[in-house]
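J.: Build the 3D model from these lines:
(one chain, ligands or ions: 1)
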Amino acid sequence: MSEPPNFAPRPNDADANAQWGGRFAAGPSAIMQRINASIDVDARLWRQDIRGSLAHAAMLARAGIISAEDERAIAGGLEAIAEEIEAGAFGFAEALEDIHMNIEARLTERIGEAGRRLHTARSRNDQVATDFRLWIRDAIDGLDAQLADTMRALAERAAAHAADPMPGFTHLQTAQPVTFGHHLLAYVEMLSRDRGRLADCRRRLNQSPLGAAALAGTSFPIDPAATAAALGFDGPCANSLDAVSDRDFALEFLAAAAISAVHLSRLAEEIVIWCSAPFRFIALSDAFTTGSSIMPQKRNPDAAELVRAKTGRVTGALVSLLTVMKGLPLAYAKDMQEDKQPVFDAVDAWALSLAAIAGMVRDMTADVARMRAHAGAGFATATDLADWLVRVGRLPFRTAHHVTGRLVALAEASGVELAGLTLEEMQGVAPEITEDVFSALTVDASVASRTSPGGTAPANVARQAARWAALLVAVALLLPLAGCGKRGNPTAPGPPDQVTYPKTYPTR
Ligand code: ARG
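T.: Next up is the predicted model:
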């Protein structure tokens, strides 16, 4: 049946979807509408959707596919819609399914016929893939800045505690003394790799799906390189099927998020341990603790616990999207609409966790005397004794290890630390031991001796902390100059997107 030439309304036509309802005589059931709609989630893509449409319309006009006049009307309309959304004056409608159709419908409402030309040579499939890449790219820039800030907080504290010994653990058993600064810098290295993963992800995602249309490309003489350039992409995607049907950019982002969340969770766990009463290595500030409603003495590290817990959400998001994508035939399938919720959720959890960790690290006070006292306990310098036996006593390491083990057993039986044994007691086990050995058994001597590259010697730690501080300051200064951070749209704020959307939808 051909379309009625004048688009005269048919029975129930008013209920059919204005964007795609041409072949439908009736509207969807309420349940169909509910399950199909994504506006409650994807409204957060509005900035990217408008950016994408502005670039698309400009290209259509330059290619002579729409008139310059229509393009001007479209651009003006989209900018006015951006202001409406910004001001909270836009009525999102569930009946219009998603952000793309909400904005397009409003555009036509505002500017008439020209609005109906915007979707020429485009499908929601390449549109949503473009919007989502842009959104994740903005998110990456915001998260990268937050990671750098958290690293800066850690490096500053590391510089201050470069020479403060604490017990280093393996198996959470006292192993060897390290400095608190060295321990904090370990996390700086981890977060630095998290930034590297984000940079890799950004590089690979930075291709524009626009022009792929539904799946096969388009018969219109479009210029995808132009839209790609206008949106700050490195170029268009090479395969239209791939462009609309893969979400590996989101998966890669979530994998990076999951790894980073695990890093933050490990630090959060250490914070919980360090501020527990038996440890008391650090105290968190009032600003980052809560009290108990029944136990007046309590100061709970809730923020650290919640950072630890939010890791579940972030890794869950990765598993969720992997599961959505698994087994989907090419090209687009509606399953893929479920890609945004996990990404938004992971970004919110990650961004908040980073802010909480940076805040806790900046605010915490370290009890350096207590850390130092514990650094030497539990025979923490036994390895230093064995190393002394190798270096000065000329014993093979295995022999030195065995001799030291016997000395530890002796000290343990006498209820003292190694330095509490007398020279005579030591010589009873190993005659080559001299008075000089005691100089190797202090925690300061122990950490100072670890001068191997990457080791815990205070001079090394101070150098590393200073290197990071300088690097991070340089990055903070250079980023805006290089135009990074907000590439493609200097006005778009990084996530978390503060705009919240009502769960009920005002109908227009
Ligand atoms: N809201 C949809 C999504 O996020 C947009 C794409 C819809 N495409 C389609 N062929 N129905 O996936």
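
J.: can we go C-alpha only for contacts and neighbour counts from here?
T.: Fine.

J.: Let's see the distance spanning stretch 376-389 from one end to the other.
T.: Start-to-end span of stretch 376-389 (C-alpha to C-alpha, to the nearest Å) is 19 Å.

J.: Name the residues that touch that stretch?
T.: The contact list for stretch 376-389, computed with C-alpha atoms under 8 Å, 6 or more residues apart in numbering, reads 167, 174-177, 395, 397, 400-401, 403-404, 408, 417-418, 432-433, 437, 440-443, 446.

J.: And stretch 203-212, what's buried?
T.: By 16 or more other C-alpha atoms under 10 Å, the buried positions in stretch 203-212 come out as Leu205, Asn206, Gln207, Ser208, Pro209, Leu210, Gly211, Ala212.

J.: what sits against the nearest residue to the fourth one once chain neighbours are set aside?
T.: With C-alpha to C-alpha, 6 or more residues apart in numbering as the criterion, Ser208 has its nearest non-adjacent residue at 4.4 Å, and that residue is Pro236. The neighbourhood of Pro236, defined by C-alpha under 8 Å, 6+ apart, consists of Gln207, Ser208, Pro209, Leu210, Pro224, Ala225, Ala228.

J.: Next: Gln464.
T.: By C-alpha under 8 Å, 6+ apart, the residues touching Gln464 are Leu185.

J.: Look at it and give its secondary structure.
T.: Following DSSP: H, G, I helix; E, B strand; the rest coil, we place Gln464 in the helix state.

J.: how far away is Ala159 from Ala25?
T.: From Ala159 across to Ala25, the span is 71 Å (C-alpha to C-alpha).

J.: Settle it for me: which of those two has more neighbours?
T.: Neighbour totals were compared for Ala159 and Ala25, and Ala159 leads with 24 against 16 (other C-alpha atoms under 10 Å).

J.: helices or strands next to the helix or strand that contains that one in the packing?
T.: Assigned by DSSP states H and E, Ala159 belongs to helix 124-160. Where contact means 3 or more C-alpha pairs under 8 Å, 6 or more residues apart in numbering; DSSP states H and E, helix 124-160 is packed against helix 46-62, helix 99-111, helix 180-205, helix 240-245, helix 248-274, helix 340-363, helix 458-482.

J.: Output these as a markdown table; include the columns mean pLDDT and distance to Asp302.
T.: Formatted as a markdown table, those follow (pLDDT from 0 to 100; distance: least, C-alpha to C-alpha, whole Å):
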| stretch | mean pLDDT | distance to Asp302 |
| --- | --- | --- |
| helix 46-62 | 98 | 34 |
| helix 99-111 | 98 | 36 |
| helix 180-205 | 98 | 20 |
| helix 240-245 | 98 | 41 |
| helix 248-274 | 98 | 9 |
| helix 340-363 | 97 | 10 |
| helix 458-482 | 84 | 28 |
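
J.: Out of these, which is closest to Asp70?
T.: Nearest to Asp70 among the helices and strands packed on helix 124-160 is helix 46-62 (8.1 Å), distances taken as C-alpha to C-alpha.

J.: residues in contact with the closest one?
T.: Outside helix 46-62, the residues touching it (C-alpha under 8 Å, 6+ apart) are 66-68, 71, 74-75, 78-79, 82, 99-100, 118, 127-128, 130-132, 134-135, 210, 222-223, 226-227, 230-231, 492.

J.: Mind doing that once more with 6 Å?
T.: Helix 46-62 is contacted from outside by Ile66, Ser67, Ala68, Glu71, Ala75, Asp131, Thr227, using C-alpha atoms under 6 Å, 6 or more residues apart in numbering.

J.: so it versus helix 99-111, what angle?
T.: Angle, helix 46-62 to helix 99-111, by axes from the mean of the first three to the mean of the last three C-alpha atoms, to 10 degrees: 60 degrees.

J.: angle of the helix or strand just after helix 46-62 against helix 46-62?
T.: Next in sequence after helix 46-62, counting helices and strands by DSSP H and E, comes helix 68-86. In terms of direction (the same axes, to 10 degrees), helix 68-86 departs from helix 46-62 by 180 degrees.

J.: Could you list every helix and strand in contact with helix 68-86?
T.: For helix 68-86, the contact count by 3 or more C-alpha pairs under 6 Å, 6 or more residues apart in numbering; DSSP states H and E identifies helix 46-62 as packing neighbours.

J.: Export the helix it packs on to CSV, keeping only CA atoms.
T.: The C-alpha trace of helix 46-62 is given here as CSV (Å, rounded to 0.1, in the frame of the first residue of the first chain):
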residue,chain,number,x,y,z
TRP,A,46,21.8,15.3,25.0
ARG,A,47,24.9,17.5,24.6
GLN,A,48,26.6,14.9,22.3
ASP,A,49,23.4,14.4,20.4
ILE,A,50,23.2,18.1,19.6
ARG,A,51,26.9,18.3,18.7
GLY,A,52,26.5,15.4,16.3
SER,A,53,23.4,16.8,14.7
LEU,A,54,25.0,20.3,14.2
ALA,A,55,28.0,18.6,12.5
HIS,A,56,25.7,16.4,10.4
ALA,A,57,23.5,19.3,9.3
ALA,A,58,26.5,21.5,8.4
MET,A,59,27.9,18.7,6.2
LEU,A,60,24.5,18.0,4.6
ALA,A,61,24.3,21.7,3.6
ARG,A,62,27.9,21.8,2.3
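
J.: on that earlier part again, looking at the contacts of stretch 376-389, which are in helices?
T.: Secondary structure from DSSP state H places Phe397, Ala400, His401, Val403, Thr404, Val408, Val443, Ser446 of the contacts of stretch 376-389 in helices.

J.: Neighbours of the one residue in the chain that gets nearest to the ligand, how many?
T.: Across the chain, the shortest distance to the ligand (C-alpha to the nearest ligand atom) belongs to Gln337, at 3.5 Å. For Gln337, the neighbour count with other C-alpha under 10 Å is 17.

J.: What of the one 3 residues further on?
T.: For Lys340, the tally of surrounding residues (other C-alpha under 10 Å) stands at 20.

J.: I'd like the distance between it and Ala375.
T.: Plainly put, Lys340 is 47 Å away from Ala375 if you go by C-alpha to C-alpha.

J.: First-to-last residue distance for stretch 172-190?
T.: End-to-end span of stretch 172-190 (C-alpha to C-alpha): 20 Å.

J.: Just the buried positions in it, please.
T.: 174-185, 187-188, 190.

J.: and Pro453, how many neighbours?
T.: When neighbours are defined as other C-alpha under 10 Å, Pro453 has 8 of them.

J.: chain center to stretch 232-241, what's the gap?
T.: Distance of stretch 232-241 from its chain centroid, counting by C-alpha atoms, centre = their mean, to the nearest Å, is 25 Å.

J.: can you pull the alpha-carbon coordinates of it into PDB?
T.: These are the backbone C-alpha positions of stretch 232-241, laid out as PDB (Å, rounded to 0.1, in the frame of the first residue of the first chain):
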ATOM      1  CA  GLY A 232      37.200  16.000  16.800                       C
ATOM      2  CA  PHE A 233      37.500  12.400  15.600                       C
ATOM      3  CA  ASP A 234      40.600  11.300  13.800                       C
ATOM      4  CA  GLY A 235      38.600  10.100  10.900                       C
ATOM      5  CA  PRO A 236      35.500   8.100   9.900                       C
ATOM      6  CA  CYS A 237      35.100   4.400  10.700                       C
ATOM      7  CA  ALA A 238      36.200   2.300   7.800                       C
ATOM      8  CA  ASN A 239      33.300  -0.300   7.800                       C
ATOM      9  CA  SER A 240      29.700   0.800   8.100                       C
ATOM     10  CA  LEU A 241      28.600  -2.500   9.700                       C
END
